[in-house]
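In: sequence-free structure coming up:
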């Protein structure tokens, strides 16, 4: 008797395998350093306990952006320009940036000044783009080494 598998099942298995191999190349220490470099120690409501929650929220967004860059790197490897590849996932990246920004705005004790808010949005944008680029470069390297 043969086992019947669907295309979606196979695609999901391949996606999980790819994500696992990409995630082996980053560490929590890298994520923590990146959060400190981009955001510093922003004072949050709730003190130290909430700071850990912010770190974890940033980790989630960084990992998602990293995986998105790694997944979409196949287009860059096939010769497409990096900016065109980035345009392909512009909507997802905007969602990650907005999610992180709104999360920080809700829980932080920043003022209501538009300048602070705007500069902080650019920090979130840079953070997401940095992790997307990291995943993109790792993905291209994996394609070049034929590890995909």
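Out: Done, it's in. This is a predicted model, so every value here is computed, not measured.
In: List the contacts of the residue nearest to the spatial centre of the chain.
Out: Nearest to the geometric centre of the chain sits residue 65, at 2.0 Å (Cα atoms, centre = their mean). Residues in contact with residue 65 (Cβ atoms under 8 Å, 6 or more residues apart in numbering) are 93, 96, 128, 129, 131, 132, 135. Any C-beta I mention is one placed from the backbone N, CA and C, and that applies to glycine too.
In: how about the helices of the protein, start to end?
Out: 7-23, 28-39, 48-77, 82-88, 90-107, 114-144 (DSSP state H).
In: need the ones you listed in CSV with mean pLDDT, can you?
Out: Listed next are the helices of the chain as CSV, based on pLDDT from 0 to 100:
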stretch, mean pLDDT
helix 7-23, 90
helix 28-39, 90
helix 48-77, 85
helix 82-88, 90
helix 90-107, 90
helix 114-144, 87
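In: ok, how many other residues are close to residue 100?
Out: 26 (other Cβ atoms under 10 Å).
In: Apologies, that question was intended for residue 121.
Out: 17.
In: from now on call the first residue 613
Out: Okay, residue one is now 613; in that scheme the one you just asked about reads as residue 733.
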